[in-house]
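Visitor: what's the 3D shape of this:
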Amino acid sequence: MEIKNLHKVHMGKANCAIDLGDGSERGEYVNQDYILHKLGRPMRSISLMYCYYPLDEGWPGRASEVHASPEVSFAWDYPYDDYFTYKGGIGGNTEGEPFCYMREIRAHGQDVTLTLTIDPHVSDEHLAQIGRDLRPFGRMLLRINHEATGNWFSFNKRCTYQEVADFFVRASRIIKAEAPNVSVIVCIGGVEHADKQEIEMEKEFAQTIKAADIWSVDKYMSLHWGWPYDVAEPGGTSHNRHKVADVYEMTKRSFERFRFLNGGEAKPMVMSEFNADGDVTGPYDQAKMVQEFCDLLRKDQATWFTGFTFYQFRDRGRLGLEIEDPNNPDVGIEQPVMHTFRKLIHEDWFLPQITDQESLQLPVTLRWGGAEDAEGLGLTLHFDGNPHFCELYFEDDTNLMMELGGKWFYKAPKTRFVDLMPLFFEQPLTGPCDMTLRLFAPPATGENDLTLADGLYNSYTTIEKLPKIRVRYTPVEA
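Guide: Residues are numbered from 1 along each chain as shown. Just a heads-up that it's a prediction; the model follows:
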């Protein structure tokens, strides 16, 4: 096939980014190749949930394992939070979790959002070490002690709200001093009642609004917080459901109040956890509520709202695009909300903006800043019709994310062959046309080279040659 119009491309921000949670106290991490095949494109960011209680007995074992007890009747009734445990910090290393997953996420062209609940009593040196751990991972997001105005996490049981707020400010300052590449998210209760103007615990937490880079509220339009210790039934007291329009309105009012508390200056506003719990709504209304919320964002042209994280990909309960098969935790059972989500993430309002730029010649060095700032290359392919074979063959060890016709494909460093036919299974061509194949080069190791002057923020890959492209329009033997 003849390649025409080799040119530079840039990938920037979506009007509203969509991120995805992958693993938590309710489900295990699912590899990025599987998620990419299911969804058809990478997310802006993948959210991981971990905890750091290094002063506690039993650490670094997971709380529900080292403190298992028949007396536990609530998900957070352990001495420390029942998230996966952060294996870095003082005395740790960056070989295990969450770093192995962070590397995979970044190699697949996505940023990392790390939620980390931290014992507020850790020393400054513990926090500084966390910062040093996170330095190689580019423009990542760090959510410290989320839902901080609640009463369920261990950090809230150990400290006053004022102490929790003070700790957020201290932790943000120390971690960012070591890792300026990290943007810190504050996640607190916003405006929760129609007859109130103030946010939850406003006196204590106003300082966190100024200290954070990004503002967040977690919003479940319905939630069964009693899971897995009871079943949601009519008249029960361990679940709730809200109107979608009310959730949207309270989120918008929260942003406006945050901005007021920040002297009128806006910062990015996200929902770090968002969903409707199928335990409460059933699977059909769950999908409808997610769709309705996104329709409101588009209708309002909500430029004040930066993005949301869908919680989560695979869940042991009903908060996932898939439900974990109770017979085999490695198997997911797709839910109706998967179809809704897959459709939403391919709509213009939620897609990253990719722009074609000037012509270029090989070799070319591509810059990867992150999922919202990456330089790639594009080439025009002509198709005579719908292909029977459409394949790429590589002779190098580049790590690439590739997009054709809105569908994305991954090439790992040692991979030599990528089959593009899944695009045409979903979107068969009806006649001759030109299509643009775009290639981006996120860091193959998932880490940036910190010896470079701008290595905290960017990684670079030189493309010496293009793949060979094989296209055939008939079977090999008719």
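
Visitor: C-terminal to the helix ranked longest in the chain, what's the next element?
Guide: In terms of residue count, the longest helix belonging to the chain (DSSP state H) is helix 278-299. Next in sequence after helix 278-299, counting helices and strands by DSSP states H and E, comes strand 307-310.

Visitor: partner strands of that following strand, with direction?
Guide: Neighbouring strands of strand 307-310 in its sheet, by DSSP bridges, are strand 17-21 (parallel), strand 269-276 (parallel).

Visitor: tell me the mean pLDDT over it?
Guide: Regarding strand 307-310, the rounded mean pLDDT is 98.

Visitor: buried residues of it, list them for me.
Guide: Going by neighbour count (16 or more other Cβ atoms under 10 Å), the buried part of strand 307-310 is 307-310. C-beta coordinates here come from the backbone N, C-alpha and C atoms, glycine included.

Visitor: I'd like these laid out as JSON lines, including distance to residue 102.
Guide: Output for the buried residues of strand 307-310, formatted as JSON lines (distance: Cβ to Cβ, whole Å):
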{"residue": "307", "distance to residue 102": "19"}
{"residue": "308", "distance to residue 102": "21"}
{"residue": "309", "distance to residue 102": "16"}
{"residue": "310", "distance to residue 102": "19"}
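
Visitor: wait, residue 311 sits on residue 271?
Guide: No - in this structure, residue 311 is not within contact of residue 271 by Cβ atoms under 8 Å, at 9.2 Å.

Visitor: now the protein, which segments are flagged as low pLDDT?
Guide: Scanning the chain for pLDDT under 70 picks out the ranges 1-2.

Visitor: elements contacting the helix or strand hosting residue 368?
Guide: Assessed by DSSP H and E, residue 368 sits inside strand 364-370. In terms of contacts (3 or more Cβ pairs under 8 Å, 6 or more residues apart in numbering; DSSP states H and E), strand 364-370 is packed against strand 373-383, strand 433-440, strand 459-463.

Visitor: what's the spacing between residue 280 and residue 241?
Guide: According to Cβ to Cβ, to the nearest Å, residue 280 and residue 241 sit 5 Å apart.

Visitor: tell me, what's touching the two both at once?
Guide: residue 222 (Cβ atoms under 8 Å, 6 or more residues apart in numbering).

Visitor: who's more crowded, those two?
Guide: residue 280 (20 against 16; other Cβ atoms under 10 Å).

Visitor: now the helices for the stretch 101-250 of the chain?
Guide: Taking DSSP state H, counting those that start in this stretch as the criterion, the stretch 101-250 of the chain contains helices spanning 124-134, 154-158, 161-178, 202-211, 244-261.

Visitor: and the third one with helix 124-134, angle?
Guide: Read it as helix 161-178. 50 degrees (axes from the mean of the first three to the mean of the last three Cα atoms, to 10 degrees).

Visitor: quick one: buried residues of the strand holding residue 368?
Guide: Neighbour-count burial for strand 364-370 [16+ other Cβ under 10 Å]: 366-370.

Visitor: mind putting the residues you listed into JSON lines with distance to residue 71?
Guide: Below are those laid out as JSON lines (distance: Cβ to Cβ, whole Å):
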{"residue": "366", "distance to residue 71": "56"}
{"residue": "367", "distance to residue 71": "54"}
{"residue": "368", "distance to residue 71": "49"}
{"residue": "369", "distance to residue 71": "49"}
{"residue": "370", "distance to residue 71": "45"}
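
Visitor: closest to residue 390 among those residues?
Guide: residue 366 (23.1 Å; Cβ to Cβ).

Visitor: I'd say the closest one and residue 375 touch.
Guide: Yes - in this structure, residue 366 is within contact of residue 375 by Cβ under 8 Å, at 5.4 Å.

Visitor: between these two, which contacts overlap?
Guide: With Cβ under 8 Å, 6+ apart as the test, residue 366 and residue 375 both reach residue 440.

Visitor: max pairwise distance over the buried residues of strand 307-310: which two?
Guide: Spanning the widest gap among those are 307 and 310, at 10.3 Å by Cβ to Cβ.

Visitor: which residues do the two both contact?
Guide: Counting by Cβ under 8 Å, 6+ apart, the residues touching both residue 307 and residue 310 are 18-19.

Visitor: pretty sure residue 110 sits against residue 44.
Guide: Yes - distance between residue 110 and residue 44: 6.9 Å, which falls inside the contact criterion (Cβ under 8 Å).

Visitor: overlap in contacts of these two?
Guide: Common neighbours of residue 110 and residue 44 (Cβ under 8 Å, 6+ apart) are residue 371.

Visitor: how far off centre is stretch 437-450?
Guide: 17 Å (Cα atoms, centre = their mean, to the nearest Å).
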